[in-house]
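Chemist: From the sequence below, what's the structure:
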Amino acid sequence: LAGLTQAQLDALALPAREVEDLYPLSPMQQGMLFHALEGAAEGETPYVTQLAVDVEGVEEERFAAAWGWVTARHAVLRTGFLWGGDLTVPLQAVWGRVDDAVSVLDWRERGLAGDALDEALRTLAREERACGFDLARPPLQRVLLVRLGPGRHRLIWTSHHLLLDGWSSARLVGEALGRYRGAGITGAPGRYRDYIAWLARQDGASSERFWRG
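Modeler: Numbering: from 1, shown residues only. Here you go, the predicted model:
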């Protein structure tokens, strides 16, 4: 699907043993990548999304294992983006495995409570979002569990919109929580590459005529 010559592939300097697949972006992704790069040049982080919620009773290791399982299950969560150089169009590269997305901070000894704790957590979330991502190197998501007390955490999930929209984000969280609870999740997951391949088979001129009509 990438349509690369061997010379172009070699010029990417990708670790071949670590890359599982290469294919173009969808039109929506192309637009997002353009604005993400434009924003980064101006010190901004457009299309970085974030969810921050309080959770209770979470077992950290089991939660991290569940999130690791969905990351391994869905190629898009192991995807980075390539552009420039000899590439005529940007590409997305699926890595075989990525670093763990979940990390833990222990704030139990900080002695914060009430408004001071809320403000410290908001500041932490802003800092997480401001960090952005290296778009070429996945994972383009981070999950932070902040220990606040016995059985209490603040979960801060930061991700790039290039990977997920609202519907798929909800599905991802549902799968992770299902795995965490030990629910059986059967069936092969959908593959984003199949959608990209479908797009490539469409007649753009025919679609344009239809929409103009």
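Chemist: how many neighbours does the residue nearest to Val102 when sequence neighbours are not counted have?
Modeler: Once flanking residues are discounted, Val102 sits nearest to Ala64: 4.0 Å by Cβ to Cβ, 6 or more residues apart in numbering. Using the backbone N, CA and C atoms, a C-beta is placed for each residue, glycine as well. As a burial measure, Ala64 scores 19 neighbours (other Cβ atoms under 10 Å).
Chemist: Surely Glu18 touches Gly96?
Modeler: Yes - counting by Cβ atoms under 8 Å, Gly96 is a contact partner of Glu18 at 5.6 Å.
Chemist: Tell me where this protein has strands.
Modeler: Along the chain, counting by DSSP state E, strands occupy 19-24, 48-56, 79-82, 91-95, 102-106, 141-149, 152-160.
Chemist: CA atoms of the biggest helix by length in the chain as PDB?
Modeler: The residue-count maximum for a helix in the chain (DSSP state H) belongs to helix 114-131. Only the C-alpha atoms of helix 114-131 are listed here, as PDB (Å, rounded to 0.1, in the frame of the first residue of the first chain):
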ATOM      1  CA  GLY A 114      -9.000  20.100  48.400                       C
ATOM      2  CA  ASP A 115      -8.400  23.000  46.000                       C
ATOM      3  CA  ALA A 116      -4.600  22.700  46.200                       C
ATOM      4  CA  LEU A 117      -4.800  19.100  45.000                       C
ATOM      5  CA  ASP A 118      -7.200  19.900  42.300                       C
ATOM      6  CA  GLU A 119      -5.000  22.700  41.000                       C
ATOM      7  CA  ALA A 120      -1.900  20.500  41.100                       C
ATOM      8  CA  LEU A 121      -3.700  17.800  39.100                       C
ATOM      9  CA  ARG A 122      -4.900  20.300  36.600                       C
ATOM     10  CA  THR A 123      -1.300  21.600  36.200                       C
ATOM     11  CA  LEU A 124       0.000  18.100  35.700                       C
ATOM     12  CA  ALA A 125      -2.600  17.500  33.000                       C
ATOM     13  CA  ARG A 126      -1.700  20.700  31.300                       C
ATOM     14  CA  GLU A 127       2.000  19.700  31.400                       C
ATOM     15  CA  GLU A 128       1.200  16.300  30.000                       C
ATOM     16  CA  ARG A 129      -0.800  17.900  27.100                       C
ATOM     17  CA  ALA A 130       1.900  20.500  26.400                       C
ATOM     18  CA  CYS A 131       4.500  17.700  26.000                       C
END
